[in-house]
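**Student:** fold the following.
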Amino acid sequence: PPLSPPLSPPLSPPLPPRGVTVQRFGRGRPAPRKFQSTAWWRVHATAATAAPPGPNAPCTSASRAYPAKPCCRASSLSRSSSLSPSASSRALRAMGMRMSTKREGVTRLTHASLASDDSSPPPAKSGRDQPPVSHGSAGPPPPPLASLAPPPGETSLRVAVLTTSDRAAAGVYADASGAEVQRCLREYAASGAGAGWRLELAASEVVPDDADAISEVLARWADGGVANLVLTTGGTGLSPRDVTPEATLAVVERTLPGLPELLLGEALRHEPLAALSRAAAGVRGKCLIVNLPGRPRAVTQNMGALMPLLAHAVRELED
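**Tutor:** Below you'll find the model as predicted:
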């Protein structure tokens, strides 16, 4: 015969809202005996359904707003050996709840009044159904540099190009990378994006991969007012003779790490080995010095990202 209901049944907390997942009793562990009585559930179903949550009830954490113990009682009902599945379903329906069994011993309880509420949040997806998580920037991508508007008015750019290469300095081959830098500058100044440029190619020189020779030319151009923008090409790799970054850092007074990072990000879109570049950039007096790679193709890619910023940088140095 069913057990008689307790004289003073404990108060039952509000029923968990839609989507709350509760854990059953451990596998192989029977439910406590007092939870195996149909009469016990009738009493607590009456107390629980007396004030069911409204359809717009907020979905809060089950561990704080809805303690796990009553949920485990409802979950243990489905595991009880003294009740058939139909009896378990009737008891849950008396509580205004529905039960659906999930894999790995997890039962989801849904209140009937929230079953058709479209405004409530959907149940959490399992790990298999979750969309891939994107690691990286925590916001929308930055706008392309091509959309960067030039500063108002005209900007005077006195540019000097320094090529650092042992073989080019010895005449083994022609200076292709320095010529590519000048070609990119001329084409950009002739386009609409460089309409405010007053471009002057003030100087160009080819020196061997020697730190002292490179530093001497950079300091002479910057201190003598020959140029307000010096672009070096070559000597930014890992070879023992690639010393252009060290010579540049020995000359500049303030470093500008943002430009090498920008150029590296642009180069990595085309060439994975660009990650081995050690290019540097900085300011000496009112002269901006930027290292570029030595291959003409890499020069073209880097100049495409650098040229929209040159007028802004030179204008700031003049203020």
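**Student:** check which helix or strand covers R315.
**Tutor:** helix 296-318 (DSSP states H and E).
**Student:** what helices or strands is that helix leaning on?
**Tutor:** Under the contact criterion of 3 or more Cβ pairs under 8 Å, 6 or more residues apart in numbering; DSSP states H and E, helix 296-318 touches strand 155-164, helix 176-190, strand 229-233, helix 258-268, strand 287-292. Just so you know, the C-beta spots here come from the backbone N, C-alpha and C atoms, and that holds for glycine as well.
**Student:** quick one: contacts for the residue nearest to L218 when sequence neighbours are not counted?
**Tutor:** Of all residues not flanking L218 in the chain, V251 sits nearest, at 4.6 Å (Cβ to Cβ, 6 or more residues apart in numbering). Residues near V251 by Cβ atoms under 8 Å, 6 or more residues apart in numbering: 215, 218-219, 222, 282, 284, 289.
**Student:** can you flag which of those belong to strands?
**Tutor:** Judged by DSSP state E, these include 282, 284, 289 as members of strands.
**Student:** what's the closest of these to L199?
**Tutor:** Nearest to L199, judged by Cβ to Cβ, of these is I289 at 17.7 Å.
**Student:** quick check: the closest one vs A174, distance?
**Tutor:** Distance, I289 to A174, using Cβ to Cβ, to the nearest Å: 24 Å.
**Student:** need the contact list for L276.
**Tutor:** 237-238 are the contacts of L276 under Cβ under 8 Å, 6+ apart.
**Student:** oh, I was asking about A160
**Tutor:** 201-205, 221, 226-227, 229-231.
**Student:** what about 7 Å?
**Tutor:** With contact set as Cβ atoms under 7 Å, 6 or more residues apart in numbering, A160 has these partners: 202-204, 221, 226-227, 230.
**Student:** before we move on, what about E318?
**Tutor:** By Cβ under 7 Å, 6+ apart, E318 lies in contact with K286.
**Student:** returning to that earlier point: tell me which of the helices and strands packed on helix 296-318 sits nearest to L309.
**Tutor:** Nearest to L309, of the helices and strands packed on helix 296-318 and by Cβ to Cβ, is helix 258-268 at 7.5 Å.
**Student:** that closest one to strand 287-292, inter-axis angle?
**Tutor:** 20 degrees (axes from the mean of the first three to the mean of the last three Cα atoms, to 10 degrees).
**Student:** what comes into contact with helix 258-268?
**Tutor:** 274-275, 277, 279-281, 290, 298, 301-302, 304-306.
**Student:** residues in contact with stretch 224-234?
**Tutor:** 157-165, 177-178, 181, 202-203, 218, 221-222, 244, 248, 286-294, 299, 310, 314, 317.
**Student:** just the buried ones from these?
**Tutor:** Listed as buried from those are 157-165, 177-178, 181, 202-203, 218, 221-222, 244, 248, 287-294, 299, 310, 314; burial here means 16 or more other Cβ atoms under 10 Å.
**Student:** one step back: can you list the contacts of V251 in TSV and add distance to Y188 and pLDDT?
**Tutor:** Converted to TSV, these look like this (distance: Cβ to Cβ, whole Å; pLDDT from 0 to 100):
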residue	distance to Y188	pLDDT
S215	28	97
L218	23	97
A219	27	97
A222	23	96
G282	23	97
R284	24	97
I289	19	98
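**Student:** and which of those is nearest to E187?
**Tutor:** I289 (22.3 Å).
**Student:** separation between that closest one and E271?
**Tutor:** When I289 is compared with E271 (using Cβ to Cβ), they lie 23 Å apart.
**Student:** now W197
**Tutor:** 28 Å.
**Student:** who has more neighbours out of these two?
**Tutor:** W197 (22 against 15; other Cβ atoms under 10 Å).
**Student:** run through the bridge partners of the more buried one.
**Tutor:** Residues in a beta bridge with W197, per DSSP bridges, are T155.
**Student:** could you do V283 as well?
**Tutor:** Beta-bridge partners of V283, as defined by DSSP bridges: R254, L288.
**Student:** quick one: contacts for it?
**Tutor:** With Cβ under 7 Å, 6+ apart, V283 has these contacts: 252-254, 256, 317.
**Student:** and if you look at R158?
**Tutor:** R158 neighbours (Cβ under 7 Å, 6+ apart): 200, 202, 227-229.
**Student:** neighbours of A174, how many?
**Tutor:** By the criterion of other Cβ under 10 Å, A174 has 10 neighbours.
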